[in-house]
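Asker: model this:
(one chain, ligands or ions: 1)
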Amino acid sequence: MSPGAPAAATAAAAATTATTATGATGLAPLELATLDAVCAAAPAALPSTDLAEAVGVTHGVLVDGALKTLAAREALVLTPVLHEVWVLTAEGTTYASAGSPEAQLVAHLATATAAAAGGGGGDGDGDGSGGGCSLPDVDAALGAGVRKIGMQQAMRQGWVVMDKPTKALRLAADAAASPPADAVAAALCALRDAAADGGGGGGAAAALPDEGVLKALAKRKLVTKKATKTFTVVGGPRLADARRPQATDLGRDALTSGAWRSLAFKPYNFAAAGKPVDGGHLHTLLKVREQFRLIFLEMGFAEMDSARYVESSFWNFDALFQPQQHPARDEHDTFFLSFPESSRLPDEADYVARVKAAHCGGPDGAAVTGGSRGYRYAWSAAEARKNILRTHTTAVSCRMLRRLATATADAGGVFTPAKMFSIDRVFRNETLDATHLAEFHQIEGLVADRGLSLGHLKGVIHTFFKKMGMDRLRFKPTHNPYTEPSLEVHAFHPGLDKWVEVGNSGMFRPEMLLPMGLPPDVRVIAWGLSLERPTMIKYGVSNIRDLFGHKMDLDAIQRNPICRITF
Ligand SMILES: N[C@@H](Cc1ccccc1)C(=O)O
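Answerer: Presented below is the predicted three-dimensional model:
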């Protein structure tokens, strides 16, 4: 029976590419041949074993190469049929071709006896008087394994006898007279040939051994039962559509042209596992930023709104009492914007006037702000209006402190202490090298309260850095235009076995705070550090370009673990 005979030839010819090549229909040749065979047999259901034979491939190739996809397209409906079939074990396979051990032993003894007799030997009376073959001789010829099993089986059958005193083996009289048939090998061959025939019993293969024989062979571990799954195959609801290309998307063209009316859509496969999603990897700097953020939050600091990269020179420098001639305000250090080139000064004219007075000092060098005589130069509003990319997040702190002063005034002079932080991007017109980029991130914290001293500043910095595992700190005097005193923070790094600079800090100057309108006895302590430096130390990055920017290795972002920032 071969319902798909014409297609079978095609499929067999295309055997190697049958399961991959696709034509205009989107179907492989094997799938087309399978459809032909199913249609030819319709309405009868076909066992998949018959179908495999019809299209000329093995059952496994048919299932994986055609039946699964056609069933997914609903062109076929497959009903699984579970069977247990007898198959040869490795040992059984050997005996099917070499003969059973007992038959091998009989054959060996027959030849050996004939050779030894040389015409006159062999009394043939079965009384053990003949010479026979010694066990080592048989072992040498057949192997000890085959000899042992063969001896056991052949003696049970009465084909071979052993001469007790000499332990020599020889054929029994009957077996010597007419060699017994090897029923075991015959049964094994029959089973092997039936299996090779696809189990369909289609060809001229020998009849399957009966169950009793198979069980006996199973006891000798020559055959075993194997569970297999075949299918009963019938046409499915989309059999008629199966040869048409399947649309997977309903696009604009199909909708406007009206083609959607006749499209055959591929059914959804809700059981598909789907592509693994790849996303949600935090950049190394963002992981470390999160750790710093947690430290600030644990210490009761509130996050400042720092979402402003473009800042006016006023907030970045002037309000911080940084003189207009300061080298940091040079275009070699700061990025100036060409458009829009400048901003309006704050609408608070009196605040701007006080900032100006702090820079200029009073007439004839008189002190104005808290006894300070300023820098004594002609302060330019135009210079203060110039737009720049902010060079430090202290510009953010500055705006927040002015807001705190305004809130204090609004509250009738009642000042509320504040602890604030920001972690955000800043820009400097640096010469780029392994440790400098033109943009980086700053971490900044401040505390505003009455009665704060340098002791508080050092204390809060100790607490902050201790949370990162840095408890050996040293302070070194330094200069910032907006703080007095100013302290660099150095920490001992056990991994690097040296002191490293980890931050800058200070108490904001009265020339900055008084113009804002903060009560004169309010002190503000503050400190800042870069986000990149601890990140590079933590992740062992020696070139900053490997950490940030277009040369960053994206895979590294996915591989990097979440690390706690401890030194
Ligand atoms: N703005 C300083 C850091 C700092 C912040 C606050 C007080 C003192 C110093 C810097 O850029 O390095």
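
Asker: could you measure Gly99 against Asp350, distance?
Answerer: Distance from Gly99 to Asp350, counting by Cβ to Cβ, to the nearest Å: 115 Å. In short, each C-beta sits where N, CA and C put it, glycine included.

Asker: give me every residue that touches Ala103.
Answerer: Ala103 is in contact with Gly150, Pro180, Asp182, Val184, Ala185, counting by Cβ atoms under 8 Å, 6 or more residues apart in numbering.

Asker: pLDDT at the third one, what is it?
Answerer: Note on Asp182: pLDDT of 94.

Asker: Leaving out sequence neighbours, find the closest residue to it.
Answerer: Counting by Cβ to Cβ, 6 or more residues apart in numbering, Asp182 lies nearest to Ala103, which is 3.8 Å off, once chain neighbours are set aside.

Asker: SS state for the one you found?
Answerer: Under DSSP: H, G, I helix; E, B strand; the rest coil, Ala103 falls in the helix class.

Asker: Give me the pLDDT for it.
Answerer: On pLDDT, Ala103 comes in at 96.

Asker: Ok, Leu437 next?
Answerer: Reported pLDDT for Leu437: 90.

Asker: Let me see the contact set for it.
Answerer: Each residue near Leu437 by Cβ under 8 Å, 6+ apart is listed here: Glu430, Glu532, Ile544, Arg545, Phe548, Gly549.

Asker: surely the third one meets Glu439?
Answerer: No: distance between Ile544 and Glu439: 10.7 Å, which falls outside the contact criterion (Cβ atoms under 8 Å).

Asker: Which one's more surrounded, those two?
Answerer: Between Ile544 and Glu439, counting by other Cβ atoms under 10 Å, Ile544 is the more crowded of the two (21 against 14).

Asker: Tell me who's in contact with that one.
Answerer: Ala434, Thr435, His436, Leu437, Phe440, Glu532, Met536.

Asker: Would you map the helices across the stretch 151-300 of the chain?
Answerer: Using DSSP state H, counting those that start in this stretch, the helices found in the stretch 151-300 of the chain span residues 173-177, 183-196, 211-219, 252-257, 284-298.

Asker: Between Gly99 and Asp350, point out the one with more neighbours.
Answerer: For Gly99 versus Asp350, neighbours defined as other Cβ under 10 Å are more numerous around Gly99 (20 against 9).

Asker: confidence score at that one?
Answerer: In this model, Gly99 carries a pLDDT of 95.

Asker: next one: phi and psi at it?
Answerer: Main-chain dihedrals, Gly99, degrees, to the nearest 10: phi 90, psi 160.

Asker: what's the answer for Ala40, then?
Answerer: phi -60, psi -30.

Asker: now it: how far from the ligand?
Answerer: Distance of Ala40 to the ligand, given as Cβ to the nearest ligand atom, to the nearest Å: 83 Å.

Asker: So for the helix or strand encompassing Ile423, what gets flagged as buried?
Answerer: Taking DSSP states H and E as the criterion, Ile423 maps to strand 418-427. Within strand 418-427, the residues that count as buried by 16 or more other Cβ atoms under 10 Å are Ala418, Met420, Phe421, Ser422, Ile423, Asp424, Arg425, Val426, Phe427.

Asker: Adjacent strands (with direction) for that strand?
Answerer: Looking at strand 418-427 with DSSP bridges, its partner strands are strand 302-303 (parallel), strand 439-450 (antiparallel).

Asker: Can you give me the buried ones in the last one?
Answerer: Residues of strand 439-450 classed as buried under the neighbour-count rule (16+ other Cβ under 10 Å) are Phe440, His441, Gln442, Ile443, Glu444, Gly445, Leu446, Val447, Ala448, Asp449.

Asker: Let me see the contact set for the first one.
Answerer: Pointing back at Phe440 there. Arg425, Val426, Arg428, Ser530, Leu531, Glu532, Ile544, Phe548.

Asker: So which of the contacts of Ala103 is surrounded by the most neighbours?
Answerer: Neighbour max across the contacts of Ala103 (other Cβ under 10 Å) = Gly150, 27 neighbours.

Asker: That residue against Leu109, yeah?
Answerer: No: taking contacts as Cβ under 8 Å, Gly150 lies outside contact range of Leu109: 9.7 Å.

Asker: quick one: Arg559 from Arg261, how far?
Answerer: Noted for Arg559: a distance of 50 Å to Arg261, by Cβ to Cβ.

Asker: ugh, wrong one, I meant Phe292
Answerer: Relative to Arg261, Phe292 is positioned 60 Å away (Cβ to Cβ).

Asker: Likewise for His550?
Answerer: Distance of His550 to Arg261, computed by Cβ to Cβ: 49 Å.

Asker: got it, and Arg509?
Answerer: For Arg509, the distance to Arg261 (Cβ to Cβ) stands at 78 Å.

Asker: Between those two, tell me which one has more neighbours.
Answerer: Comparing Arg509 with Arg261 by other Cβ under 10 Å, the one with more neighbours is Arg509, at 22 against 7.

Asker: And for Pro43, the neighbour number?
Answerer: When neighbours are counted by other Cβ under 10 Å, Pro43 registers 6.

Asker: So it, which state does it fall into?
Answerer: Under three-state DSSP, Pro43 falls in the coil class.

Asker: Quick check, pLDDT for it.
Answerer: The model's pLDDT for Pro43 equals 88.

Asker: For the ligand, give me its nearest residue in the stretch 401-550 of the chain.
Answerer: Gly528 (3.0 Å; Cβ to the nearest ligand atom).

Asker: Which strand residues bridge the closest residue to that residue other than its chain neighbours?
Answerer: Counting by Cβ to Cβ, 6+ apart, Gly528 lies nearest to Glu444, which is 4.2 Å off, once chain neighbours are set aside. With beta bridges defined as DSSP bridges, Glu444 has these partners: Ser422, Gly528.

Asker: What of the one 5 residues further on?
Answerer: In this structure, Asp449 bridges to Arg523 when assessed by DSSP bridges.

Asker: Can you verify my assumption that it contacts Asp521?
Answerer: No: with contacts defined as Cβ under 8 Å, Asp449 does not count as touching Asp521, sitting 9.9 Å away.

Asker: what ranges do the helices span in the stretch 1-150 of the chain?
Answerer: Assignment of helices within the stretch 1-150 of the chain using DSSP H, counting those that start in this stretch yields the ranges 5-13, 29-41, 48-55, 59-62, 68-72, 90-98, 101-117, 135-142, 144-157.

Asker: CSV for these, including distance to Gln246?
Answerer: Shown next, in CSV, are those (distance: least, Cβ to Cβ, whole Å):
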stretch, distance to Gln246
helix 5-13, 21
helix 29-41, 12
helix 48-55, 22
helix 59-62, 21
helix 68-72, 10
helix 90-98, 44
helix 101-117, 58
helix 135-142, 62
helix 144-157, 58
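
Asker: so what's the closest residue to Met400 other than its chain neighbours up against?
Answerer: Nearest residue to Met400 in three dimensions, chain neighbours excluded: Met304, at 5.1 Å (Cβ to Cβ, 6+ apart). If a contact means Cβ under 8 Å, 6+ apart, then Met304 has Val396, Ser397, Met400, Met420, Phe421, Ser422 as its contacts.

Asker: Would you reformat the strands paired with strand 418-427 as a markdown table and include distance to the ligand?
Answerer: Formatted as a markdown table, the strands paired with strand 418-427 follow (distance: least, Cβ to the nearest ligand atom, whole Å):
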| stretch | distance to the ligand |
| --- | --- |
| strand 302-303 | 16 |
| strand 439-450 | 5 |
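
Asker: On the pLDDT front, check the residue of the stretch 101-250 of the chain found nearest the ligand for me.
Answerer: Using Cβ to the nearest ligand atom, Asp249 is the residue of the stretch 101-250 of the chain that sits closest to the ligand, at 53.4 Å. If you check Asp249, the pLDDT there is 87.

Asker: Look up phi and psi at it.
Answerer: Backbone torsions of Asp249, given as degrees, to the nearest 10, read phi -140, psi 140.

Asker: in stretch 257-269, what's buried?
Answerer: Within stretch 257-269, the residues scored as buried using 16+ other Cβ under 10 Å are Leu263, Ala264, Lys266.
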